[in-house]
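Q: Provided below are the primary sequence and the corresponding predicted coordinates.
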Amino acid sequence: MKQCTIAFIGGGNMARSLIGGLISNQFTAENIHVSDANTEALDNLASRYNVKTFTDNLAAIADADVIILAVKPQQLQSVIRQIAPAWQQDKLLISIAAGIRLNDISRWLDFEGAAIVRAMPNTPSLVQAGATALCANDYVTSAQHELAESMLRAVGLALWISDEKQMDAVTALSGSGPAYFFLVLEALQTAGMELGLPEETARLLALETSFGAAKMALESDESACVLRQRVTSPGGTTERALDVFEQGDLRGLFKQALTAAAQRADELAEQLGQDYD
Ligand SMILES: NC(=O)C1=CN([C@@H]2O[C@H](COP(=O)(O)OP(=O)(O)OC[C@H]3O[C@@H](n4cnc5c(N)ncnc54)[C@H](O)[C@@H]3O)[C@@H](O)[C@H]2O)C=CC1
Ligand SMILES: O=C(O)[C@@H]1CCC=N1
């Protein structure tokens, strides 16, 4: 990957995952700037990753090629308006904020021809197993497309979507998705313990089973449906368990949950922004 300088504004959970993943993938720490109002968060990042830290957002972006906005959606407008006077044509702005649309980001930046990418990463980027979808405005050059993609590809899967409206579905599926799997892990471990397994045994079996199923699905040419059927002996134990999930409408629950997450992203955009094509 070309070694540009990246400035993160906001050094919280998601920034930490991206920074950790980039550094594990040989990205040079001194080319990573992080700015945050919280000095404790900055100290943690500096001692763990040796990145350059700032409490002044303008100082952090001064000689950066790429600026990644990693603050909460509610802080995005004020941060963009703060950095807008220092904006320069050759910089690339990447927002990872849930919901907030390219048009609103562009209006707040108020810089003719500014190159802006919206990205939705997820926290497994920390272990280079992230999944990110990106979409760009018309001013992003092909070199900037390549730069944004190569940065996110360094921490996992990176794919482009052309219709920005799909970003809410992406947020619901892969942005929030790690939390759903962590919930399933918790539930498997608890149920195992309730059936009499020691805590550590239940934890390890739940973890390795989740990892093994994901790895197998990733490496197999067969669909998840076929892989599921291969575990399910007619009249056996899995069939009994799956019947319980189907009776409880697990698929319907997932549909409801993802719909609620996508609606929340849309609500954030409506509340915090204004523009919608
Ligand atoms: N946590 C996740 O799994 C994901 C989060 N996102 C998005 O990433 C963004 C950040 O989320 P998290 O990292 O979870 O939040 P967080 O709350 O952990 O981090 C936000 C950081 O921004 C800092 N901050 C607040 N105002 C600031 C300002 N004016 N200047 C500089 N720093 C400031 C806070 O001190 C905090 O450290 C959000 O917009 C969220 O939608 C996107 C994908 C996944
Ligand atoms: O919960 C949130 O709003 C953020 C966006 C996707 C994951 N975390």
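A: Received the coordinates, thanks. Numbering: from 1, shown residues only. Ligands and ions are numbered 1, 2, ... in the order given.

Q: residues from this protein in reach of ligand 2?
A: The chain has residues 98, 171, 175-176 near ligand 2, with proximity defined as CB under 6 Å from any ligand atom. Yep, even glycine has a C-beta here, placed from its N, CA and C like the rest.

Q: Around residue 241, count how many other residues there are.
A: Burial measure for residue 241: 12 neighbouring residues, criterion other CB atoms under 10 Å.

Q: Identify the residues contacting the helix or strand where residue 211 lies?
A: If you go by DSSP states H and E, residue 211 is part of helix 199-219. Defining contact as CB atoms under 8 Å, 6 or more residues apart in numbering, one finds that helix 199-219 is touched by 181, 184-185, 188-190, 192-193, 197, 224, 227.

Q: Just the ones of these in helices?
A: 181, 184-185, 188-190, 192-193, 224, 227 (DSSP state H).

Q: Please list only the buried members of these.
A: Restricting those to buried positions leaves 188-189, 192-193, with burial counted as 16 or more other CB atoms under 10 Å.

Q: could I get the residues you listed as JSON lines with distance to residue 236 and pLDDT?
A: Formatted as JSON lines, those follow (distance: CB to CB, whole Å; pLDDT from 0 to 100):
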{"residue": "188", "distance to residue 236": "19", "pLDDT": "98"}
{"residue": "189", "distance to residue 236": "23", "pLDDT": "98"}
{"residue": "192", "distance to residue 236": "19", "pLDDT": "98"}
{"residue": "193", "distance to residue 236": "23", "pLDDT": "98"}
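
Q: ok now do the spatially closest residue to residue 35 that is not a sequence neighbour, which residues does it touch?
A: With CB to CB, 6 or more residues apart in numbering as the measure, residue 60 is the residue that lies nearest to residue 35, at 3.6 Å, once sequence neighbours are left out. Residues in contact with residue 60, defined by CB under 8 Å, 6+ apart, are 7-9, 33-35, 54.

Q: Over to residue 12?
A: For residue 12, the residues meeting the contact criterion (CB under 8 Å, 6+ apart) are 36, 41, 70-71.

Q: how close does it sit to residue 20?
A: Between residue 12 and residue 20 the distance is 13 Å, computed by CB to CB, to the nearest Å.

Q: any idea how far residue 271 is from residue 103?
A: Residue 103 sits 15 Å away from residue 271 when distances are taken as CB to CB.

Q: Between those two, which has more neighbouring residues?
A: When neighbours are counted by other CB under 10 Å, residue 103 comes out ahead of the other of residue 103 and residue 271, with 17 against 11.

Q: Now residue 117: which helix or strand?
A: With the criterion set as DSSP H and E, the secondary-structure element containing residue 117 is strand 115-120.
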